[in-house]
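*Asks:* Here's a sequence, model it:
(2 chains)
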Amino acid sequence: MQGIRDRVAIVGMGCTKFGEHWDKSANDLIVDAVYEAFGDAGVSPSDIQAAWIGTNTSGRRGSMLTYPLKLDYIPVTRVENACATGTDAFRNACYAVAAGIYDLVLVCGVEKLKDSGYSGLPLSPEVVTSQVDPPCPAPVQFALAATRYFHHYGLSFEEGKRILAKIAVKNHHNGTMSPKAHFHREITVEQAMKAPMVAWPLGLFDCCGVSDGSAAAIITRAEMAPSFRKDYVLVKGLGVACGSREAQTRSDYDFVHFEENVRAARAAYREAGIENPRKEIAVAEVHDCFTITELIIYEDLGFSPRGGGPADVDAGTFALEGELAVNSDGGLKCFGHPIGASGIRMMYEVYKQLQGKADKRQLKDPRIGITHNLGGNPGWFTSAVSVLGRAE
Amino acid sequence: MAGIVSFGAYVPWHRLGKETAGWSAAGEKAIANCDEDSITLAVAAALDCLQGVDRKKVDGLFFASTSSPYREKDAAPLIATACDLREDIRTADFTGSLRGATTALLSALDAVKAGSARSILVVAAETRTPQPRSDLETTLGDGAAAFLVGTEGVVAEVEAAFSVAHEIQDMWRSEGDPFVRTGEDRFVVDEGYFPPLVAASQEALKRAGVATKDLARVAIYAADARRLTEMARRLGLDEKTQVSGTVLQQVGNTGAALAPMMLVSALEEAAPGQRLMVLNYGQGADALILRTTKAVSPNPSRRGVKGHLASKRVLPDYQQYLRWRGLLDVAPAARRPPLQVPSASAMYREQEQNIRFYGVKCRRCGTPQYPIQRVCCVCRTKDEFDPYRFSDKRANLFTYSMDYLGPTPDPPLVLSIIDFDGGGRTLIQMTDRDISKVKPGIPLELSFRLLHVVEGIHNYYWKCLPVRAA
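*Replies:* Below you'll find the predicted structure:
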């Protein structure tokens, strides 16, 4: 197995501001993100040979990308894989380039959530069922893990909530330095702990933003990348893992780790040659849809030992100035979470960090960054990890 | 001789009572949770009655209620399915009549006597919604009772029965009426209630050759405690020893299920060789004289009326009751899309797992699993399973969440991951819970509940609840 390491490169990226874009449609967001990427790569629409568009609920079919951009009869695939949609669209684009089918492709993720008129996420479109499955929206799914995590490690409600609050405070702090983030306000631990309950034990500040947004990347073969720019970014590893509903069928599923994360990270690390993630990774953009998710991710992705997440949170390990910066742009919590766009937004941050263009958030000489998504339900998540590295 | 082989009851966990703010009636009454209706109550009482009974030997199910959720569509087949009875059985709804339960009981007796069935399950359940602040609201309660009628292992033989038909405009609810209407009280009682009941009881006693004083207990329909006292006096019964007001006082007037619940109550305390009478009302009267056999004995796995009355939660606020009944249109906690219409074909296809609550057990590795799988979730073996019933399994709580924004008139919506005793796990809603006592590890039981009504479709499924004290 050859793997993806150093075979494809990102030569251009774009990302809209995330937030409540009452004045913009999904089409507008696509045009804004993709044209920023075109400009960044120095390419024109006619250079693109194939494209992938990732969205959860904001459209169907490849033509949802060709129509706003007026791409000229090129092949486009629409990808859906829950919160890993953007990353999986990116992964498929990488594979087509690595296979030598295309030299230059576009991948775009978009989500227009705020037209639904509802809070939270819209329902999945028109899946006709007997409607007996318990109503289990995202906050509940992850609250199930929070309850069990507290119980498993003997944390009182207050102790557990304080750890989670610190994660929210960190991400809000990073978000203040991200002009494109949905939110720009610092919060305090007390504020987070006292926020109204959404799905016990998770309160308002344990939940990420529900946002509109789009992000895009231009991908080429690694050997062609220098002709576009010097500071291109190499794809080092890609891993995706899908669960088969173990959390709801098997009594040995522990709810204090998500095996999909472990497997996706293992696959991506193996490709990238990462042996000690905590030491080798400079920046990690991970799927903090809820604070508890980020806590569990620390352990699943090998940043913290099992049960060691809380101690690392207390030690500030994952702060911008810490040992391993996690969610340097504010994460889903603060940057916002337009489902299909989030994976590519994470790559946008890692790309900028590796290029040294992250302004106030800039880390010192980062070489390796990763992105991580987790979507679906416990036990039948899709988890996706990408490892990106600076061109040497 | 034919008679009652087994019996059971169900009383909802919730009450309106003295501690309920905004509820001023003197008495206490049981009220169905917002996920309960006459069908779910019937299933609960039927399962209580079927404790220790081979369900495969039940040849029929008759359902009696004035509050069956559908104007058109039988309830009995659904109840039978939830109780995991066979499909080749006789089912019938005895609806629209307060007297339906005794009519059903007599029909079941006729059937087993004629040999057209070995045993028939008769279930009476009621969840009538009275008009807020009406007199009826102070008395109408929710509850259910069930009897297995047969000829083998009889605990109470039916010695004699007599019925009277009596046309009168006493209580009625027409198409489109949200609440029961009643005639003028004195008229209804004097002309509709006392005469047919007295006549039926006298004739039944005469036919059985039993004197009033020889009756150990009498189960009499009565609109309230005052009418019960008055009826006992007219029949020459000693109210202290022969009549019990427990059901009326603690559960309320459960309509079609009232006399049946009183009979269950009497059977729970009966000794062998005692005479009991059931006297039911509704456009006439049915009187049945029963004699208990040596087989009458306490069944520790049956809760009955007494066991169910041992646990309750008094609703803190009358407003919450109004929300549960849909009588107070309250804004939802969060703006969410409307409920989707269940697919009738999917409901039909999934009956085995959704209504009978069956999963499968892998023949290769022995793991019970829910819902029904094609490939084993543990050993990956394909299509080598035996059917496995989860509805009668206890479980314990692995983890849970309380959704304060979820679509329910009873927030928070408690979602739980439960591990079944004997193996298997599922994600399921929790009902009838005190949220201060919910924590990982607590023991749970299962209950058949109404999930929602969308476009007239009443969609039922199972929920878990902390094991009720009994």
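*Asks:* Quick check, pLDDT for residue 176.
*Replies:* Using chain A here. pLDDT recorded at A:Thr176 is 97.
*Asks:* looking at chain B here, not the other one
*Replies:* 91.
*Asks:* Could you count how many residues lie near it?
*Replies:* Counted with other Cβ atoms under 10 Å in any protein chain shown, the neighbours of B:Gly176 add up to 6. Where you see a C-beta, it was placed from the backbone N, CA and C, and this is true even at glycine.
*Asks:* hang on, it in a strand?
*Replies:* No - using DSSP: H, G, I helix; E, B strand; the rest coil, the secondary structure at B:Gly176 is coil, not a strand.
*Asks:* Return the nearest residue of the stretch 1-150 of chain A with respect to chain B.
*Replies:* Residue of the stretch 1-150 of chain A nearest chain B, by Cβ to the nearest Cβ: A:Ala143 (3.4 Å).
*Asks:* Could you pull up the contacting residues of that residue?
*Replies:* Shown in contact with A:Ala143 (Cβ atoms under 8 Å, 6 or more residues apart in numbering or on different chains): A:Ala199, A:Trp200, A:Pro201, A:Leu202, A:Phe290, A:Ile292, B:Ser401, B:Met402, B:Asp403.
*Asks:* Return the residues in contact with the closest residue to A:Val326 other than its chain neighbours.
*Replies:* Among residues not flanking A:Val326 along the chain, A:Phe318 sits closest, at 3.9 Å (Cβ to Cβ, 6 or more residues apart in numbering or on different chains). Shown in contact with A:Phe318 (Cβ under 8 Å, 6+ apart): A:Lys170, A:Tyr298, A:Phe303, A:Asp312, A:Leu324, A:Ala325, A:Val326, A:Asn327.
*Asks:* Okay, helices next: where are they in the chain?
*Replies:* Since no chain was named, I'll use chain A. Counting by DSSP state H, chain A has these helices, from start to end: A:26-41, A:63-69, A:85-98, A:138-152, A:157-175, A:189-194, A:246-249, A:259-272, A:277-280, A:291-300, A:309-315, A:331-335, A:339-355.
*Asks:* Switch to chain B, please.
*Replies:* For chain B, the helices defined by DSSP H occupy B:38-49, B:76-82, B:100-114, B:135-139, B:185-187, B:194-208, B:225-235, B:239-242, B:246-250, B:258-269, B:304-309, B:318-324, B:344-349, B:351-354.
*Asks:* Determine which of those helices approaches A:Phe258 most closely.
*Replies:* Set against A:Phe258 and scored by Cβ to Cβ, the helices of chain B come closest in helix B:351-354, at 26.1 Å.
*Asks:* Give the phi and psi angles for the nearest residue to A:Pro179 once chain neighbours are set aside, as a check.
*Replies:* In space, and not counting its chain neighbours, A:Pro179 is closest to A:Lys17: 7.4 Å by Cβ to Cβ, 6+ apart. When read as degrees, to the nearest 10, the backbone of A:Lys17 gives phi -70, psi 140.
*Asks:* Give me the number of neighbouring residues for A:Lys17.
*Replies:* Residues near A:Lys17, counting by other Cβ under 10 Å, number 18.
*Asks:* Kindly report the residues of the stretch 51-200 of chain A close to chain B.
*Replies:* Residues of the stretch 51-200 of chain A lying close to chain B by Cβ under 8 Å from any Cβ of the partner chain are A:116-120, A:122-123, A:128-137, A:139-140, A:143-148, A:151, A:196-200.
*Asks:* now with 7 Å?
*Replies:* A:117-120, A:122-123, A:128-132, A:134-136, A:140, A:143-144, A:147-148, A:151, A:197-200 (Cβ under 7 Å from any Cβ of the partner chain).
*Asks:* Which residues of chain B lie near chain A?
*Replies:* So far as Cβ under 7 Å from any Cβ goes, chain B lies against chain A at B:334-337, B:340, B:342-343, B:346-347, B:350, B:354, B:369, B:377-378, B:399-407, B:412-413, B:415, B:417, B:419, B:423, B:425-429, B:440, B:451, B:459, B:461.
*Asks:* make it 6 Å
*Replies:* B:334-337, B:340, B:342-343, B:346-347, B:350, B:354, B:369, B:377, B:399-404, B:406-407, B:415, B:417, B:419, B:425-427, B:429, B:440, B:459, B:461 (Cβ under 6 Å from any Cβ of the partner chain).
*Asks:* Next, the contact list for B:Ser244, please.
*Replies:* B:Ser265 (Cβ atoms under 6 Å, 6 or more residues apart in numbering or on different chains).
*Asks:* so what are the domain limits for chain B?
*Replies:* Split into domains by automatic domain parsing, chain B comes to B:3-324, B:357-389, B:391-470.
*Asks:* Out of these, which gets nearest to A:Gly273?
*Replies:* Using Cβ to Cβ, the domains of chain B put domain B:357-389 closest to A:Gly273, at 31.7 Å.
*Asks:* how long is the closest one end to end?
*Replies:* 6 Å (Cα to Cα, to the nearest Å).
*Asks:* and if you look at stretch B:116-133?
*Replies:* 47 Å.
*Asks:* Now do the buried residues in that stretch.
*Replies:* Along stretch B:116-133, these residues count as buried under the neighbour rule (16 or more other Cβ atoms under 10 Å in any protein chain shown): B:117-130.
*Asks:* Residues of the stretch 251-392 of chain A that sit close to chain B?
*Replies:* Counting by Cβ under 6 Å from any Cβ, the stretch 251-392 of chain A comes close to chain B at A:Ser251, A:Phe255.
*Asks:* Kindly provide the distance from the residue of the stretch 251-392 of chain A found nearest chain B to B:Leu415.
*Replies:* Nearest residue of the stretch 251-392 of chain A to chain B: A:Ser251, at 4.7 Å (Cβ to the nearest Cβ). To B:Leu415, A:Ser251 is 17 Å away according to Cβ to Cβ, to the nearest Å.
*Asks:* Tell me which of the two has more neighbours.
*Replies:* B:Leu415 (24 against 18).
*Asks:* Mean pLDDT per helix and strand in chain A: which one sits at the bottom?
*Replies:* Across the helices and strands of chain A, mean confidence by mean pLDDT, DSSP states H and E is lowest for helix A:246-249: a mean of 93.
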